[in-house]
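Enquirer: I would like the atomic coordinates for the input below:
(one chain, ligands or ions: 1)
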Amino acid sequence: MYDHILHQMRDKIRANEYIVPDHPTRTGPESNLMICDYCGKDGAKLRYKTQVCGPKNDKFLVDKVPVVRCPHCHQTYMTAQTAKTLDQLVQQRRELARPQTLDVIEFA
Ligand SMILES: [Zn+2]
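Expert: Predicted coordinates for the structure are as follows:
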């Protein structure tokens, strides 16, 4: 039963739909290490990545999105606060976006 729920969660995480509770815990002064929301172990790190947003024919990038990456369970996730902020930024796309050209290749 839990396997089923876990699989559903993984699918949603892959589709960037799953929002985790927003309580990453800093474990030391000047440290970006956190407690992982998935496995509960110490040592998850804050990283910044580029997120592709928008519909298939009107994609755009959001740069420097903070994500938490866990070296123990290899989970990568956004906190609920990050997801909320990302939603707001996406809504403000027209005001915030700086148009740039970008080379795109397809793997297959
Ligand atoms: Zn973990």
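
Enquirer: ok, Cys73 - contacts?
Expert: Cys36, Tyr38, Cys39, Lys41 (CB atoms under 8 Å, 6 or more residues apart in numbering). Using the backbone N, CA and C atoms, a C-beta is placed for each residue, glycine as well.

Enquirer: and the ion, which of these reach it?
Expert: Taking CB under 5 Å from the ion as the test, the ion is in contact with Cys36, Tyr38, Cys39 out of the contacts of Cys73.

Enquirer: now the residues you listed as TSV including pLDDT, secondary structure and neighbour count?
Expert: Shown next, in TSV, are those (pLDDT from 0 to 100; DSSP: H, G, I helix; E, B strand; the rest coil; neighbours: other CB atoms under 10 Å):
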residue	pLDDT	secondary structure	neighbour count
Cys36	95	coil	23
Tyr38	95	coil	18
Cys39	97	coil	14
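
Enquirer: over the host helix or strand of Val67, what's the mean pLDDT, rounded is fine.
Expert: According to DSSP states H and E, Val67 maps onto strand 60-69. Strand 60-69 comes out with an average pLDDT of 95.

Enquirer: ditto for stretch 89-103
Expert: If you average the pLDDT over stretch 89-103, you get 93.

Enquirer: the contacts of Cys73: which two are farthest apart?
Expert: Tyr38 and Lys41 (8.9 Å; CB to CB).

Enquirer: identify the contacts common to these two.
Expert: By CB under 8 Å, 6+ apart, Tyr38 and Lys41 have these common neighbours: Cys70, Cys73.

Enquirer: what's in contact with the strand holding Val67?
Expert: Taking CB under 8 Å, 6+ apart as the rule, strand 60-69 contacts 24, 34, 36-37, 44-54, 75-79, 82, 86, 89-90, 93, 97, 102.
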